[in-house]
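Trainee: What follows is a predicted protein model with its sequence.
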Amino acid sequence: MQMRTQLLRIDPLLLLAAVGLSLCSFVTLRGAGFHSYADKQALYCAFGLLLALLITRFDYTVLREYRYVFYGLGILLNLAVFAFPSIKGAHSWIPLPGFQFESSEFGKLLLIVSASAFAVERSRRLSERRTLARVMLLALLPAMLVMAQSNLGTALVYVTIGCAILFFLGTGWRQLAALALLFAVAAVIVLVGAPALGFHLLHGYQQQRLTTFINPPSSCNPSTDPICYQLHESLIAIGSGQKTGLGAAGATQAAYGFLPVPQSDFIFAVLGETYGFAGAAVVISLYALLIWRSLVILTMAKNLFGTLVAGGVLATFMFQIFLNIGMTIGIMPVAGVTLPLLSYGGSSVIVTFLAIGLLESIHVQASMASSGKARVLIV
């Protein structure tokens with residue numbers, strides 16, 4: 001009876017957005033001819049949805065007690081990948097039977113929960129600089145481990161999580177501005193200052209990914225610059241889709257191997273070529289629904305911990321959506337970040353559904369607390 005009551009209190013629009021994006025992923029992968037990827041994606045989505053519904057049954061506040069465990073587990077997982085051979089030059093996966101476990105994806109959710117719990121403990125000392133420093137250090141330590149895995153995009157997600165938690169914690173605008181200035185100076189040093197002095201803190205291809213979008217294909221050379229080539233082919237795919245797309249038979253960029261990693265990083269370009277503006281509009285509308293409901297849940301959380309967790313999840317969704325779609329149209333760096341629930345990938349899909357389960361748990365607990373207060377007032 002209690003389980004039925006909790007399920008009735010979930011946010012149906014958030015669930016609709018998640019299921020809708022999962023269906024769009026399946027249709028896009030099948031339409032591009034990636035049948036095996038589509039079938040596996042369907043299994044990942046079904047398993048993730050089941051986990052999300054199970055998490056909905058539990059009170060998320062108990063997670064706060066295990067903040068040290070979650071943070072330590074996140075660090076351990078991001079260290080464990082170095083014990084296994086690299087795949088395509090990156091130490092990002094732990095090979096399991098029939099599944100490639102991407103530790104950095106699960107580390108996102110572990111960081112959101114643990115950093116939110118630590119931030120709550122410091123909420124009464126918000127004006128102290130040590131609060132800002134400690135929360136950011138919690139995010140920067142795993143971010144540096146992920147950068148060492150040659151996964152710059154996910155490292156940026158970790159930093160975004162730390163900044164988002166500070167923002168929703170209520171950190172003053174002067175402190176946030178100082179933090180933004182610090183990151184800007186660090187970026188200039190890494191991309192310009194250090195290379196000028198002979199110190200290369202990033203791999204050459206990583207620096208290209210961060211700077212190529214400044215020099216679009218009209219001014220760079222796709223034949224000699226591999227990152228410029230990726231952007232060039234992505235723009236061709238999206239532009240050729242026009243209003244309604246070329247359909248599965250007419251889409252050639254992904255089918256003939258022109259698009260790099262079309263099932264994951266450049267899935268939006270595949271969508272644009274196959275289903276055109278109409279298909280892209282449907283997906284972007286579903287993402288707008290996902291973000292809107294996440295924001296609503298953030299505002300109705302019953303405590304600060306719930307607000308920070310929802311804020312961390314919201315920021316992760318927004319950053320990944322904007323960065324991934326932006327890189328396919330040339331307004332953001334090519335950072336190799338997955339598009340939530342649309343890109344193929346077991347770890348990414350499952351972690352996204354776990355995050356949605358946490359949002360639903362926050363929504364359920366807030367609804368139960370609200371109804372409890374209403375009953376008290378009536379009595």
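Mentor: Received the coordinates, thanks.

Trainee: Below-threshold pLDDT in the stretch 1-150 of the chain: ranges please.
Mentor: 1-8, 86-91 (pLDDT under 70).

Trainee: Which stretches in it count as helices?
Mentor: Here the stretch 1-150 of the chain has its helices, by DSSP state H, counting those that start in this stretch, at 2-8, 12-31, 35-56, 67-80, 103-121, 129-148.

Trainee: With mean neighbour count and distance to Leu323 as new columns, can the ones you listed be given to me in a markdown table?
Mentor: The C-beta positions use only the backbone N, C-alpha and C, and glycine is treated the same way. Shown next, in a markdown table, are the helices of the stretch 1-150 of the chain (neighbours: other CB atoms under 10 Å; distance: least, CB to CB, whole Å):
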| stretch | mean neighbour count | distance to Leu323 |
| --- | --- | --- |
| helix 2-8 | 11 | 34 |
| helix 12-31 | 20 | 17 |
| helix 35-56 | 18 | 21 |
| helix 67-80 | 18 | 20 |
| helix 103-121 | 24 | 14 |
| helix 129-148 | 18 | 15 |
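
Trainee: Relative to Ala280, which of those helices is closest?
Mentor: helix 12-31 (10.1 Å; CB to CB).

Trainee: sorry, back to before: for the helices of the stretch 1-150 of the chain, which one sits closest to Ile236?
Mentor: helix 12-31 (17.5 Å).

Trainee: Using PDB, write down the CA coordinates of the closest one.
Mentor: Coordinates of each C-alpha in helix 12-31 appear next as PDB, following Å, rounded to 0.1, in the frame of the first residue of the first chain:
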ATOM      1  CA  PRO A  12       4.900  12.000 -14.200                       C
ATOM      2  CA  LEU A  13       6.300  14.700 -16.400                       C
ATOM      3  CA  LEU A  14       9.800  14.000 -15.400                       C
ATOM      4  CA  LEU A  15       9.300  10.300 -16.000                       C
ATOM      5  CA  LEU A  16       7.700  11.100 -19.400                       C
ATOM      6  CA  ALA A  17      10.700  13.100 -20.400                       C
ATOM      7  CA  ALA A  18      13.100  10.300 -19.500                       C
ATOM      8  CA  VAL A  19      11.100   7.600 -21.200                       C
ATOM      9  CA  GLY A  20      10.600   9.800 -24.300                       C
ATOM     10  CA  LEU A  21      14.300  10.500 -24.600                       C
ATOM     11  CA  SER A  22      15.000   6.800 -24.300                       C
ATOM     12  CA  LEU A  23      12.600   6.100 -27.100                       C
ATOM     13  CA  CYS A  24      14.200   8.800 -29.200                       C
ATOM     14  CA  SER A  25      17.600   7.200 -28.600                       C
ATOM     15  CA  PHE A  26      16.300   3.800 -29.700                       C
ATOM     16  CA  VAL A  27      14.700   5.200 -32.900                       C
ATOM     17  CA  THR A  28      17.800   7.300 -33.800                       C
ATOM     18  CA  LEU A  29      20.200   4.400 -33.400                       C
ATOM     19  CA  ARG A  30      17.900   2.000 -35.300                       C
ATOM     20  CA  GLY A  31      17.400   4.600 -38.000                       C
END
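
Trainee: Packing partners of that helix?
Mentor: Taking 3 or more CB pairs under 8 Å, 6 or more residues apart in numbering; DSSP states H and E as contact, the helices and strands that helix 12-31 lies on are helix 35-56, helix 247-250, helix 267-300, helix 346-378.

Trainee: Let me have those helices in TSV, extended by distance to Tyr66.
Mentor: Formatted as TSV, the helices and strands packed on helix 12-31 follow (distance: least, CB to CB, whole Å):
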stretch	distance to Tyr66
helix 35-56	14
helix 247-250	46
helix 267-300	22
helix 346-378	14
